[in-house]
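Visitor: Starting from these lines, generate the structure:
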Amino acid sequence: MSASVTALFKPPTRLRPIPDSPARLLRPLWILCFGLAVLTVVVSTMYAVRASYAMAPVITEHGLETHVTPDGELFVRTLPTAAARPAVTVGSKVLAFNGRPVSGDLVVDDLADLLGKSKKTQPILTLRQPDGRQVLVSLRPTKVERSAADEQNRNLRIWTRLGAALLACTALLACSLLLALRRPNDPVAMLLAFAFVGMAASIDPALQFWLWTNKALMVDLLGGIFFYLLLVALAAFPDGVFVPRLLRWLIPLGVPLAVFVSVPGIDEDLQGIVGISLLLAVLLSQIVRFRRQGAGIARQQIKWAGFGFASGLLLIFAAMIMAAAMGDDPSTYTPFRSLLILVLFSTGMAVKAIGLLVALVRFRLWEADTVITRSAAYAVVTLIVGVVWAASSDLVKLVITEVIGRDSEAGATTVGAIIAAGIFAPTQSAVLGWTRKRFGGPMDRIEGAAQRLKSWGLTETPAEVATRALSIIEEAVHPAQAAVLLNLPEGTELVAARNVESKDDRRLLERLTLADEAGPVGELRLGRRSDGNRYNRQELEAVRQLVPHLADALRVARGRHSREAMLQHQIESMAARLAQLEGGTPKPA
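Guide: Just a heads-up that it's a prediction; the model follows:
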């Protein structure tokens, strides 16, 4: 207890690794939370399917449309095309069914059940409108006839939404599982493992389940917990050190912040914007850490985490802005826009988790530059093409109106699309060409190495040529260990190495013979990449292209160095003989 109080009033500057004993005690708690989250996702998915294909059709047949608030409260209104009288166009609270009062916490399932049991009669609902007036609505069940195209579109919307939601939940749970299994002693990894479990159990489809069953408190509780854990984990990412040190105060201050963004009674849009802004602010603080961090694994971890989390937050922020723009009147909601908001939100959650997972388990860390720059390039291309399409469409519409005297929306859109398609290829080529030149891959990083090696072979020793070649290779493919062996008359000699002391080090897994047109000169040995992954085909191809040039440079340097050594030896021998003839001591050459 005293340690917890101390942490609140004097928070540590770093989160220490979790000792083995507490880690073993923490494992059952995580397993319990993980199992409950999986169960919640499964049950809520089944509930969502049932709600779409069993509850919604019954409610629609009676000319009603439901709306559940973020507090879990159910409101209904009549559809514009329904036979219900009188029409109720605003969300209203259900007070009674056929004159019998209903529970104040009536849920969608209960309403569908009541309507389903009264198909042979005309149910009468007693509704209380937002202004307090009560109205009796007589419902006339009418079977809704849908064409094959309408049914297909409906199924597409339902399963697109569920597919995106389940993708996000699967990504969150998989990330939690991998972090808990692979990094049980890492405090940041375990904070994220628990946070991802809470996120999976509180986003769609679990979100719909909690709200539609009038258990909105679960959303607030889980949301507050995972927000706090995520906030602290990001502040200490990736090694548990709070940089800048001011962020350590999020340990105590994160509690009231988590309460604010999750407690009922506060405007949901405000809570969402404040929560996203806080997470973005903590993410931006990683720039300070990034600038202080030297080149290496930690820097690449920050890149991956920043890219994944920033992309996810931007998608979530876009979803929240769209939701806020739709307003509070459900009658103005469109199926497409509602679906787009859910897909953006779910995809954002998945992207956040995947980015943090890749950073912590160090999977293909050195691909971060390529992924980030290409994603940014495609975003720029999309933005340019979109702006040109919109501007050209408006301009063409204006020209068509002036020429033929009437609007032609289809013609303007078509011409705008043609213009946009015409600039797509050159724009893509220019932007990707610049990014490839500025942030090239392994092949680009060794460009010009052949000429440099040739020049070094004429002026440097074999050891210096090999050392400089290893620097080029390290920049291109990032090996954890590397060595260059040179064939000499007395045997093979280790002339340059990085992070190894012996040519027989077992970590040197990749072995490439250094050979040119005249034959073998030595051998290049590489360990795995510094992020623990194997080399991809492009990286190995880049190294193989460098091999003959390195072999040629080493052969030239070896021959020149041998001749110079022989000449030096002859000079020293002559100096010794002259000294003997003169009866003096030979001077060093």
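Visitor: how about residue 485, what does it touch?
Guide: Each residue near residue 485 by Cβ atoms under 8 Å, 6 or more residues apart in numbering is listed here: 492, 493, 494, 495, 503, 522, 523, 524, 525. C-betas here are computed from N, CA, C, even on glycine.
Visitor: Extract the C-alpha set from the helix or strand harbouring it and format it as CSV.
Guide: Counting by DSSP states H and E, the element that carries residue 485 is strand 482-488. What follows is the C-alpha trace of strand 482-488 in CSV, where atoms were taken according to Å, rounded to 0.1, in the frame of the first residue of the first chain:
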residue,chain,number,x,y,z
ALA,A,482,29.3,-9.3,-39.6
ALA,A,483,32.8,-10.3,-40.6
VAL,A,484,35.1,-10.3,-43.6
LEU,A,485,37.7,-13.1,-44.0
LEU,A,486,40.6,-12.7,-46.4
ASN,A,487,42.5,-15.6,-48.1
LEU,A,488,46.3,-15.3,-47.4
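Visitor: circling back to that earlier point, ok, of the contacts of residue 485, which one's closest to residue 217?
Guide: residue 525 (60.8 Å; Cβ to Cβ).
Visitor: what kind of secondary structure is that closest one in?
Guide: Classification of residue 525 by DSSP: H, G, I helix; E, B strand; the rest coil places it in strand.
Visitor: Can you get me a residue count around it?
Guide: 23 (other Cβ atoms under 10 Å).
Visitor: cool, and residue 46?
Guide: By other Cβ under 10 Å, neighbour count at residue 46 equals 12.
Visitor: Residue 461 now?
Guide: 15.
Visitor: And residue 500, by the same measure?
Guide: 18.
Visitor: What's the ChimeraX line that selects buried ones from the contacts of residue 485?
Guide: Paste this into ChimeraX to select the buried members of the contacts of residue 485, with burial taken from 16 or more other Cβ atoms under 10 Å:
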select :494,495,503,522,523,524,525
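Visitor: now residue 465: how far from residue 472?
Guide: Distance from residue 465 to residue 472, counting by Cβ to Cβ, to the nearest Å: 11 Å.
Visitor: oh sorry, the question was meant for residue 524
Guide: Taken as Cβ to Cβ, the span from residue 524 to residue 472 is 12 Å.
Visitor: can you check residue 504 too?
Guide: Relative to residue 472, and taking Cβ to Cβ, residue 504 is found at 24 Å.
Visitor: Then residue 578?
Guide: Distance from residue 578 to residue 472, by Cβ to Cβ: 45 Å.
Visitor: Which of residue 465 and residue 472 has more residues huddled nearby?
Guide: Higher neighbour count among residue 465 and residue 472: residue 465, with 28 against 19, using other Cβ under 10 Å.
Visitor: is it true that that one touches residue 555?
Guide: No: with contact defined as Cβ atoms under 8 Å, residue 465 does not reach residue 555; the gap is 10.1 Å.
Visitor: Residues in contact with both of the two, list them for me.
Guide: Joint contacts of residue 465 and residue 555 (Cβ under 8 Å, 6+ apart) are residue 457.
Visitor: just to revisit the earlier point, identify each buried residue in the strand holding residue 485, please.
Guide: 482, 483, 484, 485, 486, 487.
Visitor: any chance of the residues you listed in JSON lines, plus pLDDT and distance to residue 121?
Guide: Below are the buried residues of strand 482-488 laid out as JSON lines (pLDDT from 0 to 100; distance: Cβ to Cβ, whole Å):
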{"residue": "482", "pLDDT": "90", "distance to residue 121": "83"}
{"residue": "483", "pLDDT": "91", "distance to residue 121": "87"}
{"residue": "484", "pLDDT": "90", "distance to residue 121": "90"}
{"residue": "485", "pLDDT": "89", "distance to residue 121": "92"}
{"residue": "486", "pLDDT": "88", "distance to residue 121": "96"}
{"residue": "487", "pLDDT": "86", "distance to residue 121": "97"}
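Visitor: Same list (the residues you listed) but as TSV, adding distance to residue 113.
Guide: Below are the buried residues of strand 482-488 laid out as TSV (distance: Cβ to Cβ, whole Å):
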residue	distance to residue 113
482	70
483	74
484	77
485	79
486	83
487	85
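Visitor: Can you pick out the most distant pair from these?
Guide: 482 and 487 (17.9 Å).
Visitor: that older thread, for the contacts of residue 485, which one is nearest residue 536?
Guide: Of these, the one sitting nearest to residue 536 (Cβ to Cβ) turns out to be residue 524, at 17.6 Å.
Visitor: Contacts only, for the residue lying closest to the closest one once chain neighbours are set aside.
Guide: Of all residues not flanking residue 524 in the chain, residue 512 sits nearest, at 4.5 Å (Cβ to Cβ, 6 or more residues apart in numbering). Applying Cβ under 8 Å, 6+ apart to residue 512 gives the contacts 523, 524, 525, 526, 543, 544, 547.
Visitor: if we take these, which one ends up nearest to residue 213?
Guide: residue 526 (57.3 Å).
Visitor: any idea of the pLDDT on the closest one?
Guide: Residue 526 is assigned a pLDDT of 89 by the prediction.
Visitor: still on that earlier bit, can you redo the contacts of residue 485 as a markdown table with distance to residue 345?
Guide: Shown next, in a markdown table, are these (distance: Cβ to Cβ, whole Å):
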| residue | distance to residue 345 |
| --- | --- |
| 492 | 60 |
| 493 | 61 |
| 494 | 56 |
| 495 | 57 |
| 503 | 55 |
| 522 | 57 |
| 523 | 54 |
| 524 | 49 |
| 525 | 49 |
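Visitor: right, and out of the contacts of residue 485, which lies closest to residue 109?
Guide: residue 525 (66.3 Å).
Visitor: Would you mind pulling the contact partners of stretch 171-186?
Guide: 17-20, 23, 26-27, 30, 34, 37-38, 41, 189-190, 192-194, 196-197, 199-200, 203, 240, 349-350, 353-354, 356-357, 360-361.
Visitor: pLDDT of it, averaged?
Guide: Here the average pLDDT along stretch 171-186 is 87.
Visitor: which one's the longest helix in the protein?
Guide: helix 537-582 (DSSP state H).
Visitor: Compute the inter-axis angle for that helix and strand 482-488.
Guide: Counting by axes from the mean of the first three to the mean of the last three Cα atoms, to 10 degrees, helix 537-582 lies at 50 degrees to strand 482-488.
Visitor: and helix 537-582, what other elements does it pack with?
Guide: The contact analysis (3 or more Cβ pairs under 8 Å, 6 or more residues apart in numbering; DSSP states H and E) places helix 537-582 against helix 442-445, helix 449-459, helix 462-477, strand 482-488, strand 510-516, strand 519-526.
Visitor: Tell me how many other residues surround the closest residue to residue 200 other than its chain neighbours.
Guide: Setting aside the residues directly before and after it, residue 200 is nearest to residue 172 in space (Cβ to Cβ, 6+ apart), at 4.1 Å. Using other Cβ under 10 Å, residue 172 is surrounded by 28 other residues.
Visitor: Good, wrapping up.
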